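S.K.: make a model of this:
(chains A and B)
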Amino acid sequence: MANPPSPSIGAASPPLPGGESELEAHLPSKRMEVNLGPSHPAMHGTVRMKVELEGETIVRADPEIGFLHRGFQKSCENVTWTQCLPYTDRLNYVSALMNNFGFLNAVEKLIGLEIPERAQFIRTIGCELHRIADHLTCVGAIGLELGGMSAFLYCIEARELIVDRVTELTGARLTTTFGRVGGLNRDLPPQWLESVLKTLEKIKWLVGEVDTLLTNNRIFVDRMKGTGVITAQDALDFGFTGPCLRACGINYDVRKAHPYWVYDRLAFDVPLGRNGDNFDRYLMRIEEIKQSDHIVRQAIEMIKPGPVIIDDWRITLPPKPEVYGTIEGVMAHFKLIMEGIQVPAGEVYDSTEAANGELGWYLVSDGSGRPYKVHVRAPGFAILSGIRRMVEGQLIGDLIPTFDTINMIGGEVEQ
Amino acid sequence: MSAFALDKLTAKFPRAILERYRDRTGGDWGVIDSESIRDVASELKDDPELDFKLFLSIDAVDRLMLAGPHPRFEIVYFFYSLKRGEHIRLKCRVSEECAEVPSITSVYLGANWFERFVWDFYGIRFRGHPDLRRILMYEEFKGHPLRKDYPLRQRQPLVPERPIQDIFRGPGTNRP
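M.R.: You can find the predicted model right below:
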């Protein structure tokens, strides 16, 4: 649109069409390209977002990923099945246990194993604790990046408590490498369940604080409500799963739809949103923290003593006295370490519900001790590909909360 | 699991479904003629009885080291039906010489990045893809790293710096 030639300043200017005076008329603007990231605190360190702006409005957003690519699949194809486990920690490094157990679940399905009940309960407890941790990190980051530092501090304090419990359980803060094919590599430490219950009480209080700080906070609600909207139709089309899909009102949770481990024996609700905006995605996370808390308490009530790993020396390492004392033990140990678990040839697609959605594994085995193909369907990958649809036509300021509420984790997206 | 959906597809596209089998873990697979994958995908999505609206994933397998008469590449597709509560697993087989399949981006928006991923890591082209660039690797990368004949410790040549005319305003300013 050509602007009319502006009259000289000072002269009594005729009113412009639309009742605007010259001072209030729109200045001619041109499109500007802005780079966000990859080294930008709001981009979580790994994503470069090329944003084309018209004034403050985003015309085009093009996320560029791959800065954290580590060759996950290629690495897995060249090590034994057990050795893949440390790589899976580094997919979603905020909730590593869910990746560990998700991968093991798929491998066990491919072999056709049923793991002991106690191991199933411990996996469920570990997963739900890490789900709380993941959601807390997400909620904290939203608060922080919208200027609410105190919410972030409460969240991180609560998350640290979970990290402490996970450290007691696995020996590592973040890269847990916990669990083995066929169960778990060790039982719970003594008094651990009691300290988990104490931790849950503390977290309940902290989450309550965050809830009061944010959910009814006028500034927070104004930034979150109605921004980053995606319709249910588009969300399905892009492959959204987890809280981001449920915020659109679609009831799909792998734990309910295809229960694995002991989820069918536990009572919990799947929170659903309606609008598919940032605020609903935030509410989903707060609500799921409460549900996970509920699940962990039930699992602690129901867990019984017993073995935590199956007793099959072709799959699990023999106990150390057997390794040092018997020839069968030392042979089984040697073969497992040197050749790996002989997973029979075949293929499987299996999925579990991770904190951000369906974590799917497509595994192909050629019958040797190493995976032939390890495909991971990271929930964040599909969600990040849909961010264009959520931010284009919106203000640049809304990009930040949108990017936070989808909770993209660089490790799993960029493999 | 998804036998009903495969039955229905076989009735509708008798020539597109080349093979059906059940894997050891109970998953039903349909091998689709690669030229028909777009039609099959849109039928799965739009048929109200099937309702495979949730896009899950696409990936490929390089069968170079596996025995069998099949062509080198397999592209695998996973969708989910909320109404029927089941996954569907499809695969297309393409040879190395004509490693190209129609893109299903026009059916499922989410296929966009997954197809870019397969192109990036296996070098399989998707005809009709709106923006077939590499996704995790950089444009100057030589080869496709998840092919089985790509060595694990392969080194890449150094990449010359891209020209930046306006050094103070950074990349993107050298566009006309």
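S.K.: find the closest residue to chain B in the stretch 101-250 of chain A.
M.R.: Nearest residue of the stretch 101-250 of chain A to chain B (C-beta to the nearest C-beta) works out as A:G239 at 3.6 Å. Every C-beta, even on glycine, is put in place using the N, C-alpha and C of the backbone.
S.K.: what sits against that residue?
M.R.: By C-beta atoms under 8 Å, 6 or more residues apart in numbering or on different chains, the contact set of A:G239 is A:A382, A:I383, A:S385, A:G386, B:L54, B:F55, B:L56, B:S57, B:Y108, B:G110.
S.K.: residues in contact with B:C92?
M.R.: Contact partners of B:C92, counting by C-beta under 8 Å, 6+ apart, are B:V31, B:I32, B:D33, B:S34, B:I37, B:E74, B:I75, B:Y77, B:V101.
S.K.: could you say which helix or strand contains residue 75?
M.R.: Here I'm looking at chain A. Assigned by DSSP states H and E, A:S75 falls within helix A:72-77.
S.K.: can you look at chain B instead?
M.R.: If you go by DSSP H and E, B:I75 is part of strand B:73-81.
S.K.: tell me the helices and strands packed up against that strand.
M.R.: Contact here means 3 or more C-beta pairs under 8 Å, 6 or more residues apart in numbering or on different chains; DSSP states H and E; on that basis strand B:73-81 packs against strand A:357-365, helix B:37-46, strand B:54-62, strand B:86-94.
S.K.: how about low-confidence regions in the stretch 1-150 of chain A?
M.R.: Where the stretch 1-150 of chain A drops to pLDDT under 70, the residues are A:1-20, A:45.
S.K.: now do the strands in it.
M.R.: For the stretch 1-150 of chain A, the strands defined by DSSP state E, counting those that start in this stretch occupy A:32-36, A:48-54, A:57-64.
S.K.: adding mean neighbour count and distance to A:F403, write those strands out as CSV.
M.R.: Below are those laid out as CSV (neighbours: other C-beta atoms under 10 Å in any protein chain shown; distance: least, C-beta to C-beta, whole Å):
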stretch, mean neighbour count, distance to A:F403
strand A:32-36, 15, 9
strand A:48-54, 18, 8
strand A:57-64, 17, 9
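S.K.: who's in contact with the longest helix anywhere in chain B?
M.R.: The longest helix of chain B (DSSP state H) is helix B:111-122. Residues outside helix B:111-122 that contact it (C-beta under 8 Å, 6+ apart): A:73, A:381-382, A:384-385, B:55, B:57-60, B:62, B:73, B:75, B:99, B:103-105, B:124-126, B:129-137, B:144-147.
S.K.: buried subset of the residues you listed as a ChimeraX selection?
M.R.: Buried residues among the contacts of helix B:111-122 (16 or more other C-beta atoms under 10 Å in any protein chain shown), as a ChimeraX selection:
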select /A:73,381,382,384,385 /B:55,57,58,59,60,62,73,75,99,103,104,105,124,125,126,129,132,134,135,136,137,144,145,146,147
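S.K.: in helices only, show me the contacts of helix B:111-122.
M.R.: Those of the contacts of helix B:111-122 lying in helices (DSSP H): A:Q73, A:F381, A:A382, A:L384, A:S385.
S.K.: confidence score at the fourth one?
M.R.: This means A:L384. pLDDT for A:L384: 89.
S.K.: ok, the closest residue to it other than its chain neighbours to A:S385 distance?
M.R.: Nearest residue to A:L384 in three dimensions, chain neighbours excluded: A:M408, at 4.9 Å (C-beta to C-beta, 6 or more residues apart in numbering or on different chains). For A:M408, the distance to A:S385 equals 10 Å [C-beta to C-beta, to the nearest Å].
S.K.: re earlier: redo the helices and strands packed on strand B:73-81 as TSV? Include mean pLDDT.
M.R.: Shown next, in TSV, are the helices and strands packed on strand B:73-81 (pLDDT from 0 to 100):
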stretch	mean pLDDT
strand A:357-365	91
helix B:37-46	87
strand B:54-62	91
strand B:86-94	89
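S.K.: chain A contacts on chain B?
M.R.: By C-beta under 8 Å from any C-beta of the partner chain, the residues of chain B that approach chain A are B:23-25, B:27, B:53-57, B:59, B:61-62, B:65-66, B:76, B:78, B:80, B:82, B:85, B:87, B:89, B:108-110, B:112-114, B:121, B:134-138, B:145-146, B:150, B:152, B:170-172.
S.K.: where does pLDDT dip in chain B?
M.R.: Low-confidence segments of chain B (pLDDT under 70): B:1, B:164-176.
S.K.: make it 50
M.R.: Within chain B, the stretches with pLDDT under 50 are B:176.
S.K.: coming back round to it: list only buried entries from the residues of chain B next to chain A.
M.R.: Buried subset of the residues of chain B next to chain A (neighbour count, 16+ other C-beta under 10 Å): B:25, B:27, B:53-57, B:59, B:61-62, B:66, B:76, B:78, B:80, B:82, B:87, B:89, B:108-110, B:112-114, B:121, B:134-137, B:145-146, B:150, B:171.
S.K.: so what's residue 57 up against?
M.R.: Using chain A here. A:T57 is in contact with A:G393, A:Q394, A:L395, A:I396, counting by C-beta under 8 Å, 6+ apart.
S.K.: that answer is for a different chain, and I need it for chain B
M.R.: A:G239, A:G360, A:Y362, A:H375, A:R377, A:A382, B:V76, B:Y77, B:F78, B:F114.
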